[in-house]
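Peer 1: sequence and computational prediction follow.
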Amino acid sequence: VSNNHYVLLFNCKCPKLFQTHSILADRYTYCKRSLLFFGILIQCITPLHTIIFMIYFDTESDSESFPFLFVDNCFIEEKNLMNIQEQIEQNIITAIKGGLGEALVEKLFRKKILISGGAGFLGSWFCKVAIAHGAEVLCVDPLVASTKANIKNLIEHPNFTFVNQSIETVDLPQRPADMVVHMASIASPPLYQQLPKTTYSAGVKGTERLLEYCSNHNSTFLFTSTSEVYGNPADDDIPTSEDCASRVHSYGVRACYDISKMTGETLCYMYKDEVDSRIARIFNTYGPGIDTKSTSQYGRALIKFIVQALHNAPITIYGTGQQTRSFCYITDQLVGLYKLLLVDNVDGPVNIGNDNEITILELAQTIKEVAQSDSEIELDAQPAYDLTHDPNRRCPDLRKAGKIFDYTPQVPLEYGLKETIEWTRANELAVV
């Protein structure tokens with residue numbers, strides 16, 4: 001196809017051919033363009049879909065003109081399917097910079113940061129933000145619960161170093177790190193139930209080793225703990241504050257993860273006279289980069305629902321769907337984590353998340369609507385892992401974070417889902 005030829009590909013089950021794509025909306029107006037269409041109708045291999053290929057010529061070529069690929073109700077630039085992801089990534093980094101402000105961003109410039117678990121979903125975004133603002137990053141990750149694809153655009157960067165090894169065994173750098181961020185963990189119930197010793201070791205042995213390193217080098221330490229340390233709080237403790245008594249089971253399928261994080265917090269307390277430690281209790285976080293190959297299998301409801309919706313497959317809910325969670329978009333989570341790391345005078349654990357509580361059924365319905373999917377929602381699906389001690393409700397009390405560093409989540413669920421769905425859709429097409 002030459003420079004002035006374009007291709008449209010769409011699923012005939014999605015009738016709104018000219019629906020606006022959010023990122024590209026301000027870059028074209030079809031009603032003002034003179035187009036000549038030629039259509040060829042063919043039957044796809046699968047009997048459920050008919051594909052129409054349409055070639056047209058833009059007779060009003062200008063600086064706003066560029067080719068599109070349209071698949072399942074989504075416009076994508078033909079030259080490079082990844083352009084959507086690159087735009088979303090830039091939007092995320094820009095939003096985080098704005099949320100932090102220039103004074104905190106300047107604190108990252110030329111700082112040396114050691115990040116364990118830096119190839120995971122959350123860790124890779126932390127790396128990208130640090131690199132974007134002039135830091136030097138050493139990323140250590142054994143790729144047990146992560147993928148190198150998350151950091152592929154960083155590998156050749158002169159300020160980024162990746163070591164494929166566990167934090168418990170890696171040779172720590174002789175040059176002192178200014179900051180150490182411990183994200184290495186297996187947060188997925190199905191996977192940590194398969195690898196309980198690995199999960200526990202990262203949270204306990206890894207934490208102690210990094211605290212000892214920080215003590216020796218005067219490094220600031222950020223420990224990413226979890227809302228799971230609260231266990232299954234009573235309704236009177238929702239939203240849940242940092243001083244809520246834990247209701248965690250020390251003997252059971254979730255203990256390897258929950259107790260490892262609790263022990264990590266205890267270790268931070270034990271080293272409090274030697275190390276400036278910051279503890280983030282992270283609530284459910286989502287966003288672009290939760291990929292369909294290495295993360296959806298981990299029982300994360302949100303990305304599983306998105307993938308099912310994009311394929312018009314049944315959206316499967318474990319139980320009645322009345323259990324609740326509160327979902328924090330990646331920009332809000334990273335603004336909170338970076339503020340916690342960079343501000344002065346922080347003591348004790350701090351909740352970081354979004355305090356908009358939603359049922360899992362409502363989440364499924366919202367994803368179906370945003371994705372414009374034909375999926376059916378199925379309740380009481382059979383999980384592939386043990387749900388014993390799974391919490392009924394999750395919602396953070398964010399007053400402490402608001403008081404310490406003026407933290408308020410900004411991104412509505414619908415917007416975050418839209419960005420995540422667009423990223424995931426492009427991922428799916430790139431694989432095809």
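Peer 2: That came through, no problem.

Peer 1: where does the prediction get shaky in the stretch 251-400 of the chain?
Peer 2: Counting by pLDDT under 70, the low-confidence segments of the stretch 251-400 of the chain come to 291-299.

Peer 1: strands of that one, start to end?
Peer 2: Using DSSP state E, counting those that start in this stretch, the strands found in the stretch 251-400 of the chain span residues 277-282, 285-286, 315-316, 324-326, 328-329, 349-352, 357-359, 377-378.

Peer 1: of all these, which one is nearest Val253?
Peer 2: Nearest to Val253 among the strands of the stretch 251-400 of the chain is strand 324-326 (19.0 Å), distances taken as Cβ to Cβ. C-beta here means a position set from N, CA and C on the backbone, and glycine is covered the same way.

Peer 1: okay, Ser34: pLDDT?
Peer 2: Note on Ser34: pLDDT of 33.

Peer 1: neighbours of the closest residue to Pro190 other than its chain neighbours, just the number please.
Peer 2: Closest residue in space to Pro190, ignoring its immediate chain neighbours: Tyr385 at 4.0 Å, by Cβ to Cβ, 6 or more residues apart in numbering. Applying other Cβ atoms under 10 Å, we find 17 residues neighbouring Tyr385.

Peer 1: for Ser246, same thing?
Peer 2: 15.

Peer 1: again, but for Ile155
Peer 2: So Ile155, with other Cβ under 10 Å, has 11 neighbours.

Peer 1: would you mind writing the CA trace of stretch 236-253 as CSV?
Peer 2: Provided in CSV are the C-alpha atoms of stretch 236-253 (Å, rounded to 0.1, in the frame of the first residue of the first chain):
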residue,chain,number,x,y,z
ASP,A,236,-17.0,-1.6,60.4
ASP,A,237,-13.3,-1.4,59.2
ILE,A,238,-14.2,-0.4,55.7
PRO,A,239,-12.7,1.9,54.5
THR,A,240,-9.6,0.4,56.2
SER,A,241,-7.1,2.6,58.0
GLU,A,242,-3.5,1.8,58.7
ASP,A,243,-4.2,1.1,62.4
CYS,A,244,-6.8,-1.5,61.7
ALA,A,245,-5.9,-4.8,63.4
SER,A,246,-5.0,-7.6,61.0
ARG,A,247,-7.2,-10.6,60.4
VAL,A,248,-4.7,-12.6,58.5
HIS,A,249,-4.5,-16.4,58.7
SER,A,250,-0.9,-17.6,59.4
TYR,A,251,-1.8,-21.1,58.3
GLY,A,252,-3.3,-21.5,54.9
VAL,A,253,-2.9,-21.0,51.2
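
Peer 1: contacts for it?
Peer 2: 189, 193, 227-234, 254-255, 258-259, 262, 281, 348-351, 355, 357, 386, 388-389, 393-400 (Cβ atoms under 8 Å, 6 or more residues apart in numbering).

Peer 1: give the PyMOL command for selecting the buried subset of those.
Peer 2: Buried members of these, defined by 16 or more other Cβ atoms under 10 Å, are picked up in PyMOL with:
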select buried, resi 189+193+227+228+229+230+231+232+233+254+255+258+259+262+281+349+350+351+355+357+389+393+394+395+396+397+398+400
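
Peer 1: TSV please, covering the strands of the stretch 251-400 of the chain and showing distance to Asp141.
Peer 2: Listed next are these as TSV, based on distance: least, Cβ to Cβ, whole Å:
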stretch	distance to Asp141
strand 277-282	17
strand 285-286	18
strand 315-316	30
strand 324-326	26
strand 328-329	22
strand 349-352	21
strand 357-359	31
strand 377-378	35
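
Peer 1: tell me which of those strands lies nearest to Arg175.
Peer 2: Taking the strands of the stretch 251-400 of the chain one by one with Cβ to Cβ, strand 277-282 is closest: 21.0 Å.

Peer 1: now do the helices in this protein.
Peer 2: Per DSSP state H, the chain carries helices over the ranges 83-100, 102-106, 121-132, 189-194, 196-217, 255-270, 301-310, 330-342, 360-371, 399-405, 413-431.

Peer 1: contacts only, for Pro176.
Peer 2: Pro176 neighbours (Cβ under 8 Å, 6+ apart): Lys112, His217, Asn218, Ser219.

Peer 1: should've said Thr324
Peer 2: Taking Cβ under 8 Å, 6+ apart, one finds Glu357, Ile358, Thr359, Ile360, Asn392, Arg393, Arg394, Cys395 in contact with Thr324.

Peer 1: out of the residues you listed, which is nearest to Gly206?
Peer 2: Using Cβ to Cβ, the contacts of Thr324 come closest to Gly206 at Arg394, 24.9 Å.

Peer 1: can you redo the contacts of Pro176 as JSON lines with neighbour count?
Peer 2: What follows is those, written out as JSON lines (neighbours: other Cβ atoms under 10 Å):
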{"residue": "Lys112", "neighbour count": "18"}
{"residue": "His217", "neighbour count": "18"}
{"residue": "Asn218", "neighbour count": "12"}
{"residue": "Ser219", "neighbour count": "20"}
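
Peer 1: now the two most distant members of these.
Peer 2: Checking the contacts of Pro176 with Cβ to Cβ, the most distant pair is Lys112 and Asn218, at 12.2 Å.

Peer 1: mind checking how far the residue nearest to Gly206 when sequence neighbours are not counted is from Ser185?
Peer 2: Nearest non-adjacent residue to Gly206, counting by Cβ to Cβ, 6+ apart: Ile167, 4.2 Å away. Look at Ile167 and Ser185: by Cβ to Cβ, to the nearest Å, they are 10 Å apart.

Peer 1: just Asp235 next, same as before
Peer 2: 28 Å.

Peer 1: Ile404 too?
Peer 2: Applying Cβ to Cβ to Ile404 and Ser185 gives a distance of 24 Å.

Peer 1: neighbour-wise, which of the two wins?
Peer 2: Ser185 (29 against 16).

Peer 1: neighbours of Ile96, how many?
Peer 2: Neighbour tally, Ile96, other Cβ under 10 Å: 24.

Peer 1: so it sits right up against Asp332, yeah?
Peer 2: No: contact criterion Cβ atoms under 8 Å: Ile96 and Asp332 do not qualify, at 9.2 Å.

Peer 1: from Ala145, how far off is the residue nearest to Gly264 when sequence neighbours are not counted?
Peer 2: Of all residues not flanking Gly264 in the chain, Thr207 sits nearest, at 4.1 Å (Cβ to Cβ, 6+ apart). Distance, Thr207 to Ala145, using Cβ to Cβ: 17 Å.
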